[in-house]
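Student: sequence first, then the predicted structure:
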Amino acid sequence: MTATTGKKPTRAVEIFNLVKEYPNPYGDDFRVIENFNLNIAEGEFISLIGHSGCGKSTVLTMLAGLNEISDGGIIVGKKEISGPGPDRAVVFQSPCLMPWMNAFQNVMLGVRNVYPHATKAERKQIVEHSLSVVGLGDAMKKYPRELSGGMQQRVGIARAIALQPKVLLLDEPFGRLDSLTRMELQDVIIDILAKEKLTALIVTHDVDEAVFMADRCVMMSNGPLAGVGEILEIDFPRPRNRKEVFLDPMFFKYREHLLAFLEQRAPIKSGSRTFANGNTMGFIDKKGADLEAAAAEHATSVA
Ligand SMILES: Nc1ncnc2c1ncn2[C@@H]1O[C@H](COP(=O)(O)OP(=O)(O)O)[C@@H](O)[C@H]1O
Ligand SMILES: [Mg+2]
């Protein structure tokens, strides 16, 4: 957190009683998120982790203003959001660049929309600065087909920070990259956040990434009716040195904590399970914790 000691951090984002309902194939509302509450301080980096399908992207896209909020609300700065805005920029897994535009033109596309009154020279400077920050200062004229996956994602990151947002939202941004590129880009993001003093939220299912990058890891419970299950504060100083962090015994403790949370809630597909007393029980789609409860109930009913 960037907050100075003794001073209360300014709140950048407040998510209160957030609810999301999607219509199911029968036209009924299916509640995916229920009472999701989270405050994010200015300059804080949050990682949001949880099982696939629990609703991480749903929360992120609602925060981005790209997905309608069913109930509750989100305040960014001091204003409740009602749609997308230049105060929030998103980086998705795939940058979806315009293939007929070079890196410079792809970044300029968004800048032109957000700064219609800036001069041509000002806009050029913003684009060039963003591309240099992500290490593409020498590749501005390259087209997507000439760029590796990692470089394309760098353009995606440049495009997001060129909007000079207050909050950067990242939805599994390194999911399609090899582990070396992934590490490089994690460092790029960490550097940018430190330099540009942004608040950020990254959705990831990579436990190491969640711990290494964030100030707090927010663990989501499983859906439907998913919310914040637990929050783990990561107490490594910044700037973080990857080698030091990965060798720190606390890193393993944090990692274990997240893994235990996820394991306990691992979705179990339909099948059967034999319990200690020798009884076998069939089940469909029970989550770990529910299964234990069902097992206990079953054990007493057959005792
Ligand atoms: N547009 C949609 N319409 C209906 N259901 C959706 C839609 N988007 C997501 N869902 C459902 O909402 C749940 C959460 O999805 P999502 O937020 O993408 O999860 P995650 O990002 O954690 O994998 C899933 O069950 C998914 O099938
Ligand atoms: Mg997702």
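Tutor: Okay, I see it. Ligands and ions are numbered 1, 2, ... in the order given.

Student: going forward, measure contacts and count neighbours with C-alpha atoms only.
Tutor: Fine.

Student: just the strands in the stretch 1-150 of the chain please.
Tutor: 11-23, 29-41, 45-49, 71-76, 79-80, 88-91 (DSSP state E, counting those that start in this stretch).

Student: can you list the buried residues in the second one?
Tutor: Which is strand 29-41. By neighbour count on 16 or more other Cα atoms under 10 Å, the buried set for strand 29-41 is 31-38, 40-41.

Student: ok, those residues vs ligand 1, which is closest?
Tutor: Val32 (5.6 Å; Cα to the nearest ligand atom).

Student: identify the spatial nearest neighbour of the closest one, chain neighbours not counted.
Tutor: Pro224 (4.5 Å; Cα to Cα, 6 or more residues apart in numbering).

Student: how many other residues sit next to the one you found?
Tutor: Neighbourhood size, Pro224 [other Cα atoms under 10 Å]: 16.

Student: can I get the buried residues of strand 29-41 in JSON lines including pLDDT?
Tutor: Shown next, in JSON lines, are the buried residues of strand 29-41 (pLDDT from 0 to 100):
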{"residue": "Arg31", "pLDDT": "95"}
{"residue": "Val32", "pLDDT": "96"}
{"residue": "Ile33", "pLDDT": "97"}
{"residue": "Glu34", "pLDDT": "96"}
{"residue": "Asn35", "pLDDT": "94"}
{"residue": "Phe36", "pLDDT": "98"}
{"residue": "Asn37", "pLDDT": "98"}
{"residue": "Leu38", "pLDDT": "98"}
{"residue": "Ile40", "pLDDT": "98"}
{"residue": "Ala41", "pLDDT": "97"}
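
Student: residues contacting the residue most central in space within the chain?
Tutor: Closest to where the C-alpha atoms of the chain average out (Cα atoms, centre = their mean) is Val203, at 2.0 Å. Residues near Val203 by Cα atoms under 8 Å, 6 or more residues apart in numbering: 47-49, 56-57, 60, 170-172.

Student: run through the bridge partners of it.
Tutor: For Val203, the beta-bridge partners are Leu48, Asp171 (DSSP bridges).

Student: how much space between it and ligand 1?
Tutor: Between Val203 and ligand 1 the distance is 8 Å, computed by Cα to the nearest ligand atom, to the nearest Å.

Student: likewise for Pro165?
Tutor: Counting by Cα to the nearest ligand atom, the gap from Pro165 to ligand 1 is 22 Å.

Student: which residues touch the nearest residue to that residue once chain neighbours are set aside?
Tutor: Sequence neighbours aside, Asp87 is the residue nearest to Pro165 in space, at 4.3 Å (criterion: Cα to Cα, 6+ apart). Asp87 is in contact with 163-167, counting by Cα under 8 Å, 6+ apart.

Student: among those residues, who's most crowded?
Tutor: With neighbours defined as other Cα under 10 Å, the most crowded of the contacts of Asp87 is Val167; it has 29 neighbours.

Student: who does that one bridge with?
Tutor: In this entry, Val167 is beta-bridged to Arg88, Thr199, by DSSP bridges.

Student: doesn't Ile202 make contact with it?
Tutor: No. Using Cα atoms under 8 Å, Val167 is not in contact with Ile202; the gap is 10.8 Å.

Student: for the stretch 1-150 of the chain, which residues are neighbours of ligand 1?
Tutor: Contacts of the stretch 1-150 of the chain with ligand 1, taken as Cα under 6 Å from any ligand atom, map to 22-23, 32, 52-58.

Student: just among those residues, which is most surrounded?
Tutor: Of these, Lys56 is surrounded by the most neighbours, 25 neighbours in total, counting by other Cα under 10 Å.

Student: right, and that one touches Ile49 too?
Tutor: Yes. In this structure, Lys56 is within contact of Ile49 by Cα under 8 Å, at 7.4 Å.

Student: which neighbours do those two share?
Tutor: Common contacts of Lys56 and Ile49, defined by Cα under 8 Å, 6+ apart, comprise 203, 220.

Student: and the two most separated of the residues of the stretch 1-150 of the chain next to ligand 1?
Tutor: Spatial extent of these (Cα to Cα) is set by the pair Pro23 and Ser52 at 19.3 Å.

Student: cheers, nothing more for now.
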